[in-house]
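> From the sequence below, what's the structure:
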Amino acid sequence: MSHDDPLTDVRDTTRTEAPENLAPHARVPVKIEEALGAAAMALIVAISFGNVVVRYLTNVSFAFTEEFSVFLLVFMTFVGASAAFATNEHIRITFFLELMGPRTRLLAEAATLLATTAMFALIVYYGAQVTWDEWYWEETSPGLGYPAWIYTVWLPLLSLAILGRVIGRAIAVFRGRVR
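Residues are numbered from 1 along each chain as shown. Here you go, the predicted model:
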């Protein structure tokens, strides 16, 4: 496999490259997604650990742990997806990609970018509608009674971030600036 081909991007999982070296085309540093994902994970761990300790010592559970943990998990997933597209480490079947010639790889990359753009554009649209409805009808969360829109507003916002990364990747690929 030649590394001169701009669409060849088979990653070595033992590499030690920093994420910004994996996405030299990215104008917004990938470290933002890394920091947000790490913060979400740290909060999930702290909330869960605190709940286990309190439940063990008092036989009473914190009510907010599930609601916040689920939100943070979804948040972390979207932030991770954004970073994955920036660094071209999103899920794909490289076995088939390696069997393709340069033109076919370019078509596969275009199809991937198009499908991803369509999917996250739909999430932006429908996520914004759900958020608006929850805000308008003053819907509250079932566990804590917080306004439900504070959780769902992140769906379209983070989908926009992912779209930005996907579009940035598309521009870089078709200008030949990335491998």
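> Could you give the separation of the longest helix along the chain from the chain centroid?
Counting by DSSP state H, the longest helix found in the chain is helix 102-136. Averaging C-alpha positions (CA atoms, centre = their mean, to the nearest Å) puts helix 102-136 12 Å from its chain's average.
> nearest residue to Gly164 other than its sequence neighbours?
Leaving aside its chain neighbours, Gly164 sits nearest to Val28 (7.4 Å; criterion: CB to CB, 6 or more residues apart in numbering). To be clear about C-beta, it is placed using only N, CA and C from the backbone, and glycine gets the same treatment.
> still on that earlier bit, other SSEs contacting the longest helix of the chain?
In terms of contacts (3 or more CB pairs under 8 Å, 6 or more residues apart in numbering; DSSP states H and E), helix 102-136 is packed against helix 149-152, helix 154-174.
> which helices and strands sit right next to the longest one?
The criterion is 3+ CB pairs under 8 Å, 6+ apart, and the helices and strands that helix 154-174 contacts are helix 65-86, helix 102-136.
> Ranking those by mean neighbour count, which comes first?
helix 65-86 (a mean of 19; mean count of other CB atoms under 10 Å).
> re the thing from before, could the helices and strands packed on helix 102-136 go into a markdown table alongside mean neighbour count, distance to Glu89 and mean pLDDT?
Below are these laid out as a markdown table (neighbours: other CB atoms under 10 Å; distance: least, CB to CB, whole Å; pLDDT from 0 to 100):
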| stretch | mean neighbour count | distance to Glu89 | mean pLDDT |
| --- | --- | --- | --- |
| helix 149-152 | 18 | 27 | 97 |
| helix 154-174 | 20 | 11 | 94 |
